[in-house]
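Give me a 3D structure for the following:
(one chain, ligands or ions: 1)
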Amino acid sequence: MKVLGVSGSPTKNSNTDALVKAILDATDAKTEFVKLSTIKVGPCIACMKCVCTNECVINDDFKWLSEKVMEADAIVVGSSTFYGAASAFTKAFIERLYSKRHVKLLTRGKLAATVAVGVAAEKMVAEWIGNALRAGGMEIVGSMTAKGTPCCFVCGPGETCNYTVWNAYSKELTGMDLGVEEAYKEYLEILPDNKPYAHGSAKFLKSYRSVKDEPDVMDEARRIGKLIKERIKN
Ligand SMILES: Cc1cc2nc3c(=O)[nH]c(=O)nc-3n(C[C@H](O)[C@H](O)[C@H](O)COP(=O)(O)O)c2cc1C
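Numbers count the residues shown, from 1 in each chain. Okay, here's the model as predicted:
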């Protein structure tokens, strides 16, 4: 029994990596972890050559990675949240799985789990990955998200930020409540003279965050790993 973990987070030893690995460990299966930022998997070029062959013609690391996907009983796909979406590494990998979808729907019946780490929009990312894998006929056994490290946007490191996501996506500017204010409460204190795009509009309360310090989050990863284990057994 084999379980493949794929992380689309480019950060070394990231929270996404930690959660994907925790899920893999809990499966008690033969596992392998692949970090997409350390290999070369480019985006789909829509040449459609795979439509009849189920083989992608692009000559990069997807050639061997797709073999590992095909050998796996279950795959775990994790991503950071970048610009409200999956990382480009994750997106490219998912796009390339398109080659397995035609004629024979080769990934049908595989089990899968998804992980997304972010500050505000990670749920959308986990759902998106899940929908993409479902389109390949996979069954999503578990999906989890975790709060990560808020990124620095424009002004460089420091205690105050003049271009926070809170500002960029605030109700005041977008006319919509995207839930960003709520999500950032733990991370930022909005200063009294806050104005969108004004320097010193917010102060960081928390910067680095590790899921390894959050037992509930790690437990959820282990729970998903055990679910995969049970499902593979049956
Ligand atoms: C280019 C870039 C864009 C980002 N955009 C978002 C975003 O739109 N929403 C969000 O919640 N977090 C965003 N972040 C923050 C990351 O999601 C956050 O740092 C998360 O912890 C990354 O997970 P990882 O450390 O496991 O890779 C962004 C970070 C970077 C580097």
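
Would you point out which residue of this protein is nearest the ligand?
Residue nearest to the ligand within the chain: Gly148 (2.0 Å; CB to the nearest ligand atom). Where C-beta positions appear, they are placed from N, C-alpha and C, glycine not excepted.

tell me the pLDDT at that residue?
Looking at Gly148, its pLDDT stands at 89.

is it true that it touches Val119?
Yes - counting by CB atoms under 8 Å, Gly148 touches Val119, with 6.2 Å between them.

Need the residues touching each of those two.
Shared contacts of Gly148 and Val119 (CB atoms under 8 Å, 6 or more residues apart in numbering): Thr81.

just to revisit the earlier point, tell me the secondary structure for the closest residue in space to the residue of the chain closest to the ligand that isn't next to it in sequence?
Leaving aside its sequence neighbours, Gly148 sits nearest to Val117 (CB to CB, 6 or more residues apart in numbering; 4.1 Å). Classification of Val117 by DSSP: H, G, I helix; E, B strand; the rest coil places it in strand.

Run through the residues that contact Val117.
Neighbouring residues of Val117 by CB under 8 Å, 6+ apart: 9, 14-16, 19, 78-81, 145-148, 211.

how about the strands of the protein, start to end?
For the chain, applying DSSP state E gives strands covering 2-7, 30-35, 74-82, 85-86, 111-118, 139-147, 160-161, 188-190, 202-204.

is the second one up against the ligand anywhere?
Same thing as strand 30-35. No - Strand 30-35 is not in contact with the ligand by CB under 6 Å from any ligand atom; minimum separation 10.5 Å.

So which elements touch that strand?
Strand 30-35 is packed against strand 2-7, helix 15-26, helix 62-71, with contacts defined by 3 or more CB pairs under 8 Å, 6 or more residues apart in numbering; DSSP states H and E.

ok, now with 6 Å
Packing contacts for strand 30-35, counted by 3 or more CB pairs under 6 Å, 6 or more residues apart in numbering; DSSP states H and E, involve strand 2-7.

could you give the angle of the strand it packs on to helix 15-26?
Strand 2-7 and helix 15-26 are oriented at 170 degrees to each other (axes from the mean of the first three to the mean of the last three CA atoms, to 10 degrees).

least reliable of the strands of the chain going by mean pLDDT?
Of all the strands of the chain, strand 160-161 has the smallest average pLDDT, which comes to a mean of 64.

So what sits opposite the residue nearest to Gly148 in the bridge?
Ser80, Ala146 (DSSP bridges).

was I right about Ser87 contacting Thr81?
No - in this structure Ser87 lies outside contact range of Thr81 using CB atoms under 6 Å: 8.0 Å.

which bits of the chain sit near the ligand?
Residues of the chain lying near the ligand (CB under 6 Å from any ligand atom): 9, 11, 14-16, 80-84, 117-122, 148-149, 151.

Can I get the buried ones among these as something I can paste into PyMOL?
The following PyMOL line selects those of the residues of the chain next to the ligand that are buried, judged by 16 or more other CB atoms under 10 Å:
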select buried, resi 9+11+14+15+16+80+81+82+117+118+119+120+121+122+148+149
